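**Student:** I'll drop the sequence and a predicted model, then ask my questions.
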There are 2 protein chains.
Amino acid sequence: MQAGKPILYSYFRSSCSWRVRIALALKGIDYETVPINLIKDGGQQFSKDFQALNPMKQVPTLKIDGITIHQSLAIIEYLEETRPTPRLLPQDPKKRASVRMISDLIAGGIQPLQNLSILKQVGEEIQLTWAQNAITSGFNALEQILQSTAGIYCVGDEVTMADLCLVPQVANAERFKVDLTLYPTISSISKRLLVLEAFQVSHPCRQPDTPTELRA
Amino acid sequence: MQAGKPILYSYFRSSCSWRVRIALALKGIDYETVPINLIKDGGQQFSKDFQALNPMKQVPTLKIDGITIHQSLAIIEYLEETRPTPRLLPQDPKKRASVRMISDLIAGGIQPLQNLSILKQVGEEIQLTWAQNAITSGFNALEQILQSTAGIYCVGDEVTMADLCLVPQVANAERFKVDLTLYPTISSISKRLLVLEAFQVSHPCRQPDTPTELRA
């Protein structure tokens, strides 16, 4: 491991890790991945070593510039402030508000309600319905909000932090068999983003810890 | 209602609304409150009028400068960018990262798991335990993180966005009978903040929609 290179503690399938991987790719930041398998050994995020690093026992965590940052949006905002090119937040404060509103809607209003630890708590019988409810209720709102913010992407025609949240959440929706035809705006924006290189190299099917059978 | 005055759609007991009320008070922004009672009439957030305003059917929502912003942290970041004094984010990017990390830990990792709509979904029998689990698991992590970030307040000695998230979350913890003696750092920071005027005027017991029996 090279000294000075940022280290991302990540899980290939974690949608929050994917957000950060896209940011790192877009900004051309070279980094090392330390895979934390959220399933194996009862969850490697519960190991003493990892808990000492991140007491929330979650990925992603980024070590960079001598500090350790948890929480995907806090990490992305730090990257934006210290490596501003290309920008992931527009210059206009009103548009920045739209970007953060959409990002928070997904990162605070959808993902936490359908993540692995919550689904474990609600139990196997209802977890699929539970996850679908969380996603559809958030997507119903998001589809409507995008009518007034979207251009080619979530907010206007530039890729922003909101798009970094959208694509991984759409992937979760697909995993939980949500009917995406109900969300034509969400779906088409996601499709346009998925062809971009930064979204492809950061994709869960192309990570160092992606199991062979899921590689593409 | 005066033309041009910001309008906050708020519920006295909503911890996310309280965060924004503190920001408005600290920055000395005069505003009108439109109360949205999350309980009455089956929840006024579900009314057609309110859904048209905020498709997420949540408070807070702020109308300001000709735009409508949802999501408390997106609102606070907008206020910070357009009304920078007094600052709620430090100047140093590394400290800003700590502030956002703590804010997101609470706003994304604790509050969404114990809010009204989730507690309804998990059912009356287990909702107290459910809420306690969400808060204690977040507070266990936060207590540890604060050891390396806190001064008088959550990050250093100035009031930041992290503190705006902390105090309302501690109030929720009290409501759900979480044993706060387990979290001495969280408790003492919260107590120091509660004596500040901006935290007092924005307190749930002093809002236009606070029921008489809960007023103080």
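**Tutor:** Great, that's in hand. For clarity, every value in this text was computed on a predicted model and none was experimentally measured.

**Student:** Go through the strand or helix carrying A:S103 and flag the buried ones.
**Tutor:** According to DSSP states H and E, A:S103 maps onto helix A:93-109. Burial within helix A:93-109, assessed by neighbour count using 16 or more other CB atoms under 10 Å in any protein chain shown, is assigned to A:93, A:95-109. C-beta here means a position set from N, CA and C on the backbone, and glycine is covered the same way.

**Student:** same deal with stretch A:141-157?
**Tutor:** A:141-143, A:145-146, A:149-150, A:153-156.

**Student:** what sits up against that stretch?
**Tutor:** Residues outside stretch A:141-157 that contact it (CB atoms under 8 Å, 6 or more residues apart in numbering or on different chains): A:90, A:95, A:98-99, A:101-102, A:105-106, A:109, A:159-160, A:162-163, A:166, A:182-186, A:189, A:192-193, B:54-57, B:70.

**Student:** Excluding sequence neighbours, find me the nearest residue to A:I110.
**Tutor:** Closest residue to A:I110 apart from its sequence neighbours, by CB to CB, 6 or more residues apart in numbering or on different chains: A:G138 at 3.6 Å.

**Student:** What average pLDDT does the longest helix belonging to chain A get?
**Tutor:** In chain A, taking DSSP state H as the definition, the longest helix is helix A:127-149. When pLDDT is averaged along helix A:127-149, the result is 97.

**Student:** Give me the subset of the buried residues of helix A:93-109 that also touch chain B.
**Tutor:** A:93, A:96-97, A:100-101, A:103-105, A:107-109 (CB under 8 Å from any CB of the partner chain).

**Student:** quick one: low-confidence ranges for chain A?
**Tutor:** A:1-3 (pLDDT under 70).

**Student:** partner residues bridging A:I67?
**Tutor:** Legend: beta-bridge partners of A:I67 under DSSP bridges are A:I64.

**Student:** separation between it and B:P93?
**Tutor:** 9 Å (CB to CB, to the nearest Å).

**Student:** ditto for A:T210
**Tutor:** For A:T210, the distance to B:P93 - CB to CB - is 32 Å.

**Student:** swap in A:Q132?
**Tutor:** In terms of CB to CB, A:Q132 sits 39 Å off from B:P93.

**Student:** residues near A:G4, how many?
**Tutor:** Residues lying near A:G4 (other CB atoms under 10 Å in any protein chain shown) number 8.

**Student:** Oops, could you answer that again for A:P55 instead?
**Tutor:** Residues near A:P55, counting by other CB under 10 Å: 19.

**Student:** and it, that one's in a strand?
**Tutor:** No. Secondary structure of A:P55 (DSSP: H, G, I helix; E, B strand; the rest coil): coil, not part of a strand.

**Student:** and it, how far is that from B:A141?
**Tutor:** Following CB to CB, the distance that separates A:P55 from B:A141 is 4 Å.

**Student:** repeat for A:P204
**Tutor:** 25 Å.

**Student:** now A:P86
**Tutor:** From A:P86 to B:A141 the distance is 33 Å (CB to CB).

**Student:** Can you give the domain ranges for chain A?
**Tutor:** Recorded structural domains for chain A (assignment: automatic domain parsing) are A:7-86, A:93-199.

**Student:** For B:R175, find the nearest of these.
**Tutor:** Nearest to B:R175 among the domains of chain A is domain A:93-199; the distance by CB to CB comes to 19.9 Å.

**Student:** and that closest one, how far from the chain's centre?
**Tutor:** 10 Å (CA atoms, centre = their mean, to the nearest Å).

**Student:** got it, and stretch A:8-19?
**Tutor:** 7 Å.

**Student:** Can you give me the first-to-last residue distance of that stretch?
**Tutor:** End-to-end span of stretch A:8-19 (CA to CA, to the nearest Å): 12 Å.

**Student:** Strands of chain A, start to end?
**Tutor:** Along chain A, counting by DSSP state E, strands occupy A:7-10, A:32-35, A:61-64, A:67-70.
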